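**Q** Need coordinates for the below:
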Amino acid sequence: MDNNLRFILAFILVLLGGLYLHSSNREQHYEIQGPAAIEHILGQISDWQESSLQQQLSAEARSSLSPQQLQILLQQYQPLGRFSHIGQLTFSKLMGAMSILGDNRISYQGVVYFEAGAANITITLLEEAGNFSIYNLNLKQVGA
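**A** Next up is the predicted model:
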């Protein structure tokens, strides 16, 4: 009985160590790839045209937004103007850990800059075949 318990404990420790290493590697990947994808996506959609946004949305996001909801979002974000640059982004470690379970959604929050100034961003990206698309996006102009 004692040997079985030792074997089970050793197996659990090896499994946890492997999960830790895997999640650390995924985190490093997303800390590099995610901001570059966000910069590209925001540059593409900040003309605030429906077609530009549609091209960057994941299939799930497109199917959940009605044309009216999409227009409301575009009207809300249009005063921000064109995207300028990323100020600071923080990768969500929780969402990174969830990616171990096969969920390819990754989230970031931080500050990005547009012509009209800074905006707080919360964005969830969906990674499919090495490409990122918007699963969820929330922008709020700082001081507005």
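
**Q** From L74, how far out is Q68?
**A** 11 Å (Cβ to Cβ, to the nearest Å). Bear in mind the C-beta positions are built from the backbone N, C-alpha and C, glycine included.

**Q** Okay, strands next: where are they in this structure?
**A** 83-91, 105-114, 117-128, 131-141 (DSSP state E).

**Q** Which neighbouring elements make contact with the first one?
**A** In this case it means strand 83-91. Using 3 or more Cβ pairs under 8 Å, 6 or more residues apart in numbering; DSSP states H and E, the elements in contact with strand 83-91 are helix 2-45, strand 105-114.

**Q** pull the helix or strand with minimum mean pLDDT from this structure.
**A** helix 93-98 (a mean of 50; mean pLDDT, DSSP states H and E).

**Q** ok, back up a step: so which of the strands of the chain gets nearest Q56?
**A** Proximity to Q56 (Cβ to Cβ) singles out strand 131-141 among the strands of the chain, at 5.3 Å.

**Q** quick one, the closest one and strand 105-114 angle?
**A** For strand 131-141 against strand 105-114, the angle by axes from the mean of the first three to the mean of the last three Cα atoms, to 10 degrees is 50 degrees.
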